[in-house]
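*Asks:* Got a sequence here, can you model it:
(chains A and B)
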Amino acid sequence: MALELGILVADAAMLGRALDLARNVDEAQLFLMDDGVRVAADARLRAAIDDGLDASLCAMDAEARAVAPVVGGPRFGSQWDHATMVRDAVRVVAMTGGRIDDSDGATPGPGRRVAIRLTRDAADPKVAQALRSAVGYASVDLSVIVVVEPPARALLQHDEHAPAVVRAVATLRALGHRFVEVATTNHRVSCDLEVSW
Amino acid sequence: MTETLDLAGEVCPYTFVRTKLRLEELPLGAELHILVDHAPAADNVPRSLVAEGQEVVSVAAEGTRWRIVVVKRSEPHLMAKRRNSAMKSG
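*Replies:* Take a look at the predicted model:
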């Protein structure tokens, strides 16, 4: 049976909404990263896990925020968990702190085309997180398209970015993934699902 | 055939990406020793390798590092994608 719903939460304020979505399906998976890891000890999340929700978080982001493992809480996982969720879920909802993406109906599996939409200044830490997750997507044979909106345009104009950003861009390019600069925020690209940061 | 991949100082997702790239260079049946020094990688790299069809023989702590021993049982495709892309653009 395919995974019905995958939810990415990178914004702690979105936990309640994510759990509401998960409650309405038979099989859901939740991945927490960035500031989303701060809800690791939230009683609502532990109750949902107790009820059968498969939840994990980015151990690296937890470590960076001094978030420790909690009994009955999410598994300390990796971007691989995130990427396989995005690859295998029929419906993917992404809540990263900006717009909410809800992609449904595209065929899951390897080769799925995922657009990572960068909506912030290239120096914003969320952009580094977006690109790190994109490298994770590439590692599980997803086809990545990085969509660069005007606020992030500097990403493609020079190489003087944080080392993590430079490395992720170089890795994605070396693996043959695409970067597309768009002139407006409502310019859509051909893809199976989008994750906006 | 036994190879070693030293990933000291490396973090997610590059631990997994570099492991996958190295495995792609090896023949089926080859043994790869992966050295990591980031604790979550000692759990997460083996778990992801098993899920992708590789055989994890052992995970052992060695001081501040971990040695993951894996036998290549299936073909990853990251490099193939890269080569295909280079051929299209070349």
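*Asks:* residue contacts, residue 18?
*Replies:* This is for chain A. For residue A:18, the contacting residues are A:7, A:9, A:30, A:93, A:95, by C-beta atoms under 8 Å, 6 or more residues apart in numbering or on different chains. Every C-beta, even on glycine, is put in place using the N, C-alpha and C of the backbone.
*Asks:* Actually, chain B is the one I wanted.
*Replies:* B:5, B:7, B:10.
*Asks:* Kindly recompute the last result at 10 Å.
*Replies:* By C-beta atoms under 10 Å, 6 or more residues apart in numbering or on different chains, the contact list for residue B:18 reads A:139, A:171, B:5, B:6, B:7, B:10, B:34, B:45, B:78.
*Asks:* Which ones among the residues you listed lie within strands?
*Replies:* Residues from those lying in strands, with DSSP state E as the criterion: B:5, B:6, B:34.
*Asks:* Am I right that residue B:42 is in contact with residue B:65?
*Replies:* Yes. A contact is recorded between residue B:42 and residue B:65 when judged using C-beta atoms under 10 Å, the distance being 8.7 Å.
*Asks:* Specify which residue of these two has the higher count of neighbours.
*Replies:* Neighbour tally, residue B:42 and residue B:65, criterion other C-beta atoms under 10 Å in any protein chain shown: the higher count belongs to residue B:42, 19 against 15.
*Asks:* Past the helix or strand in which that one is found, which element shows up next along the chain?
*Replies:* For residue B:42, the host element (DSSP states H and E) is helix B:39-51. Using DSSP H and E, the next helix or strand after helix B:39-51 towards the C-terminus is strand B:55-62.
*Asks:* which strands and helices sit next to that next one?
*Replies:* Other helices and strands packing on strand B:55-62, by 3 or more C-beta pairs under 10 Å, 6 or more residues apart in numbering or on different chains; DSSP states H and E, are strand B:31-36, helix B:39-51, strand B:65-71.
*Asks:* Nearest to chain A, out of those?
*Replies:* Put simply, out of the helices and strands packed on strand B:55-62 the one that sits nearest chain A is helix B:39-51, at 3.6 Å, with distance taken as C-beta to the nearest C-beta.
*Asks:* Can you check what angle separates the closest one from strand B:55-62?
*Replies:* An angle of 170 degrees separates the directions of helix B:39-51 and strand B:55-62 when computed by axes from the mean of the first three to the mean of the last three C-alpha atoms, to 10 degrees.
*Asks:* Could you name the helices and strands sitting against helix B:39-51?
*Replies:* Partner elements for helix B:39-51 (3+ C-beta pairs under 10 Å, 6+ apart): strand A:54-58, helix A:59-64, strand A:75-77, helix A:79-88, helix B:14-25, strand B:31-36, strand B:55-62, strand B:65-71.
*Asks:* again, 7 Å this time
*Replies:* With contacts defined as 3 or more C-beta pairs under 7 Å, 6 or more residues apart in numbering or on different chains; DSSP states H and E, the secondary structure elements packing on helix B:39-51 are helix B:14-25, strand B:31-36, strand B:55-62, strand B:65-71.
*Asks:* can you confirm residue A:186 is in a strand?
*Replies:* No. Secondary structure assignment (DSSP: H, G, I helix; E, B strand; the rest coil) places residue A:186 in coil, not in a strand.
*Asks:* Per-residue confidence at it, what does it come out as?
*Replies:* Predicted confidence (pLDDT) for residue A:186: 82.
*Asks:* how far away is it from residue B:17?
*Replies:* In this structure, residue A:186 and residue B:17 are 33 Å apart, going by C-beta to C-beta, to the nearest Å.
*Asks:* Check residue A:92 too.
*Replies:* 21 Å.
*Asks:* These two - which one has more neighbours?
*Replies:* Between residue A:92 and residue B:17, counted using other C-beta under 10 Å, residue A:92 has the larger neighbour count: 27 against 21.
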